[in-house]
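Visitor: got a sequence here, can you build the structure:
(4 chains)
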2 protein chains.
Amino acid sequence: MARGKGVTIRDVARRAGVSITAVSHSLNGKGTISEETRARVKAAADELGYQADAFARGMRQGSIGAIGLVMRSLDALGDYTPAGVDVFERFAGILSSRALARGLSLTLVPDLTRSPVPPLAFSMDGYVIMSPNAQDPVIELLDRRGIPYVCYGKLLDKPDFTRWSSEDDPLAARQILAHFEAAGAREVVLVSGTDRNAWNADFLQEYLSWCERHKVTPRVYEQSERSGLDGGRDAGLRILADGVPEAVFCMTGRHAAGVQQEILAAGVTVPGQVMIAAASDSEHARSSRPAITAFELNPAGTADLLLDMLQELLKTGETVGPRLTRARLRPRASTRRD
Amino acid sequence: MARGKGVTIRDVARRAGVSITAVSHSLNGKGTISEETRARVKAAADELGYQADAFARGMRQGSIGAIGLVMRSLDALGDYTPAGVDVFERFAGILSSRALARGLSLTLVPDLTRSPVPPLAFSMDGYVIMSPNAQDPVIELLDRRGIPYVCYGKLLDKPDFTRWSSEDDPLAARQILAHFEAAGAREVVLVSGTDRNAWNADFLQEYLSWCERHKVTPRVYEQSERSGLDGGRDAGLRILADGVPEAVFCMTGRHAAGVQQEILAAGVTVPGQVMIAAASDSEHARSSRPAITAFELNPAGTADLLLDMLQELLKTGETVGPRLTRARLRPRASTRRD
DNA sequence: TTAGGGAAGTAAAACGTTTTATGCAATGAT
DNA sequence: ATCATTGCATAAAACGTTTTACTTCCCTAA
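Guide: Now for the predicted structure:
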């Protein structure tokens, strides 16, 4: 249907009065073709609106200029309707336009291990895996099939794996803790997520080591990434019950907003008595009152680094990593003490 | 790279001790193959982890089970980082999982008319175009190439075009106006967007006809979809300068939130003196205080209808439309009068 | 006995490219 | 005068499927 009416290389060859080899070579800048012939072929191709068939080319060359994106964080959710963390919502769009600038198509591929598997899934040149989990079956499948991939976020269970990129999470953790410290906070509590990914693990580790260095007892409240604002409120209540801290650091903006709501509702002032910050910015963090300090992640920068790595990998079979970008701390009213 | 190590149909044939035709027929349920042979072939295929090469199949069959999604609203934005309208952010993910359930891959294709064109772009089975503009060059290109497509939103300049689906916008417009009316409002102002799409046009038309029926002078404030919260505030100031209305209806949640901020700042009460509502829900609308009444659009339902139509179109060459879904009005505090 | 027909399977063509191997002049070197 | 070399162009193979047309065998009906 979409094909059939298609202009083939043969039509172009006929029109230009040359062989199909000449057409292929002319259009792809290969072989030895005189400038004059090359021009004639190009003209013929333009006139006919010729576009090389992607399948035929893909079949011959073994690659097609298409990569897949698997969002593990969304696979976990099931319904692909992400919940208020900027970076998830934006990454697919950003990656797609960045990929295109390099001549690559981007296909969204839901969980590769569940059938039905998308027809093109195993014919992709490579994959970008966002937020892979520990012992991720998708990773195992790609390894088994020998399909190249890079990850947004490191593989927790494979310390030797280097083909990943992300914001420098440990750095960000130290940064926000220093930010709290500078504003006079000594006791900080952490509201962490429950997904087993590097994001949660790195922040937790830095937090624990900070507590140890400062000789304060860690206070960690786990809350599923999926629980949203209500989960944040729940965490807020639990925190208040255990005693009012000087600062609360939440992994998501929604949790932070929920925590803040409960804290304010209890008559505790923000940022006066308690400061609040989030590890990932979101609409919730921005539009809470007071607005909540948060890290603006860097999906665009990370997308570029990931594509750099993936393209190197495709070309040379190897690449060096990890490559880190920087999240940007957006100080807002929730941590402002004059 | 991704290929090369690939298991081909020939390997399966050798292993099962049959011809490649037998393998093809067995696996695809065609031809006349005994149950016993069929089983043997399937076993061999499984053992080898055989997956038919998508390109080879695509080349032979002319279609590949992949569709493209073009988001015109995001193309307009340029950087593919959408701004707070739920439906845009969620549609790609939803469509991709819905398409997969039908055995179709979804590829994100930025503006088809700008080079570089993604390699697979002209080999897609069909397209879903979201929010096509009037005289859209992408539509023209698809028409010229004879590539089937369906649209999320009707084509303003082609009243005869029926292959579209969307929420019933005129119905929603009448519904919210009735909602205002029931709460006692007589004068309603409209904050519209500037994109030339059906969404804006339909709401505007219903609004104008409502004004005419009620003998009130229309008050329309245009504001670019891209202007966000600040644009909303700007509209709010302009509205206040022209006189406090009884109700404000905004096309986006962000505009509504901005309008509300300025109205409250001017000491006017919401919903007491002015009611506010939005035509599309968003995080902004939900988390404003008071929370803003808005329509929750139906990207999932619309995605299914669009895929129904597209699949029919691919199969039979035609389909009937338009097919409408319903947006759901979420009444919130901003229009609550007891 | 023979023609007809169905069941089970296969050989080979076709899809549209890219690439490899080759051909043919014309030019330059011995 | 002959042999390489170079520049330009082409024929044909190959990629991995699906599909068309054909073969073979066996059974049944006339």
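Visitor: the longest helix along chain A and DNA strand C in contact?
Guide: Looking across chain A with DSSP state H, the single longest helix is helix A:299-316. No: if you take Cβ under 7 Å from any atom of the strand as the test, helix A:299-316 misses DNA strand C, and the best it gets is 13.6 Å. The C-beta positions use only the backbone N, C-alpha and C, and glycine is treated the same way.
Visitor: that helix near chain B at all?
Guide: Yes: taking Cβ under 8 Å from any Cβ of the partner chain as the criterion, helix A:299-316 and chain B are in contact, through A:300, A:314.
Visitor: contacting residues for the residue of the stretch 151-300 of chain A found nearest DNA strand D?
Guide: Distances between the stretch 151-300 of chain A and DNA strand D by Cβ to the nearest atom of the strand are smallest at residue A:163, namely 25.7 Å. Contacts were defined as Cβ atoms under 8 Å, 6 or more residues apart in numbering or on different chains; by that measure residue A:163 touches A:149-151, A:309, A:313, A:319, A:321-322.
Visitor: mind checking which of those residues are in helices?
Guide: A:309, A:313.
Visitor: between the contacts of residue A:163, which has the most around it?
Guide: Counting neighbours by other Cβ atoms under 10 Å in any protein chain shown, residue A:151 comes out on top of the contacts of residue A:163 with 28 neighbours.
Visitor: ok, of the contacts of residue A:163, which one's closest to residue A:178?
Guide: Ranked by distance to residue A:178 (Cβ to Cβ), the contacts of residue A:163 are led by residue A:322 at 23.2 Å.
Visitor: now the closest residue in space to the closest one that isn't next to it in sequence: phi and psi?
Guide: Once flanking residues are discounted, residue A:322 sits nearest to residue A:164: 4.9 Å by Cβ to Cβ, 6 or more residues apart in numbering or on different chains. Note on residue A:164: its backbone torsions stand at phi -140, psi 160 [degrees, to the nearest 10].
Visitor: quick check: residue A:164 touching residue A:321?
Guide: Yes: counting by Cβ atoms under 8 Å, residue A:321 is a contact partner of residue A:164 at 5.8 Å.
Visitor: shared neighbours, the two?
Guide: In contact with both residue A:164 and residue A:321: residue A:150, using Cβ under 8 Å, 6+ apart.
Visitor: hmm, residue A:248 is touching residue A:189, no?
Guide: Yes: Residue A:248 is in contact with residue A:189 according to Cβ under 8 Å; the separation is 5.3 Å.
Visitor: looking at these two, which is more packed in?
Guide: residue A:248 (31 against 25).
Visitor: torsion angles phi and psi at the closest residue in space to the more buried one that isn't next to it in sequence?
Guide: Using Cβ to Cβ, 6+ apart and skipping the chain neighbours, the partner closest in space to residue A:248 is residue A:276 (4.9 Å). Taking degrees, to the nearest 10, you get phi -130, psi 140 for the backbone angles of residue A:276.
Visitor: C-alpha coordinates for stretch A:183-200, PDB please?
Guide: Taking Å, rounded to 0.1, in the frame of the first residue of the first chain, the C-alpha atoms of stretch A:183-200 are listed here in PDB:
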ATOM      1  CA  ALA A 183      21.900  27.200  55.500                       C
ATOM      2  CA  GLY A 184      22.500  25.800  58.900                       C
ATOM      3  CA  ALA A 185      20.900  22.400  58.800                       C
ATOM      4  CA  ARG A 186      22.600  19.600  60.700                       C
ATOM      5  CA  GLU A 187      20.000  16.800  60.600                       C
ATOM      6  CA  VAL A 188      18.700  15.800  57.200                       C
ATOM      7  CA  VAL A 189      16.200  13.100  56.400                       C
ATOM      8  CA  LEU A 190      16.000  11.300  53.100                       C
ATOM      9  CA  VAL A 191      12.800  10.200  51.300                       C
ATOM     10  CA  SER A 192      14.000   7.600  48.900                       C
ATOM     11  CA  GLY A 193      12.300   5.700  46.100                       C
ATOM     12  CA  THR A 194      12.000   1.900  45.900                       C
ATOM     13  CA  ASP A 195      13.100   1.100  42.400                       C
ATOM     14  CA  ARG A 196      16.400  -0.800  42.400                       C
ATOM     15  CA  ASN A 197      18.300   1.600  40.100                       C
ATOM     16  CA  ALA A 198      21.500   3.600  40.300                       C
ATOM     17  CA  TRP A 199      19.700   6.800  40.900                       C
ATOM     18  CA  ASN A 200      18.300   5.700  44.300                       C
END
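Visitor: re earlier: in the longest helix of chain A, what's buried?
Guide: Applying a neighbour-count criterion of 16 or more other Cβ atoms under 10 Å in any protein chain shown, one finds A:299-314 buried in helix A:299-316.
Visitor: name the surrounding residues that touch it.
Guide: A:63, A:67, A:86-87, A:90-91, A:94-95, A:98-99, A:102, A:104, A:125-126, A:128, A:148-152, A:163, A:165-167, A:318-319, A:321, A:323, A:325-326, B:1, B:81.
Visitor: in PyMOL, how would I select the buried members of those?
Guide: Burial among these is assessed by 16+ other Cβ under 10 Å; the matching PyMOL selection reads:
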select buried, (chain A and resi 63+67+86+87+90+91+94+95+98+99+104+125+126+128+148+149+150+151+152+163+165+166+167+319+321+323+325) or (chain B and resi 81)
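Visitor: let's see which of the contacts of helix A:299-316 end up in strands.
Guide: Taking DSSP state E, the ones among the contacts of helix A:299-316 that sit in strands are A:67, A:126, A:128, A:149-152, A:165-167, A:323, A:325.
Visitor: ok, these vs DNA strand C, which is closest?
Guide: Nearest to DNA strand C among the ones in strands among the contacts of helix A:299-316, counting by Cβ to the nearest atom of the strand, is residue A:126 at 18.1 Å.
Visitor: please name the residues that touch residue A:25.
Guide: Residue A:25 makes contacts with A:31-33, as judged by Cβ under 8 Å, 6+ apart.
Visitor: okay, it and residue A:8: tell me how far apart.
Guide: In this view, residue A:25 and residue A:8 are 16 Å apart by Cβ to Cβ, to the nearest Å.
Visitor: what do you get for residue A:21?
Guide: 14 Å.
Visitor: higher neighbour count, these two?
Guide: Ranked by neighbour count (other Cβ under 10 Å), residue A:21 and residue A:8 place residue A:8 first, with 16 against 13.
Visitor: quick one: the strands in the stretch 1-150 of chain A?
Guide: All strands of the stretch 1-150 of chain A, identified by DSSP state E, counting those that start in this stretch, fall at A:66-71, A:105-108, A:126-130, A:149-152.
Visitor: assign residue A:284 to helix, strand or coil.
Guide: helix (DSSP: H, G, I helix; E, B strand; the rest coil).
Visitor: for it, give me the pLDDT.
Guide: Per-residue pLDDT puts residue A:284 at 83.
Visitor: what's around it, how many residues?
Guide: The tally of other residues near residue A:284 (other Cβ under 10 Å) stands at 28.
Visitor: next, show the common contact partners of residue A:248 and residue A:189.
Guide: Listed as contacting both residue A:248 and residue A:189 by Cβ under 8 Å, 6+ apart are residue A:239.
Visitor: which single one of the buried residues of helix A:299-316 is nearest to DNA strand C?
Guide: Among those, residue A:314 lies closest to DNA strand C (Cβ to the nearest atom of the strand), at 14.2 Å.
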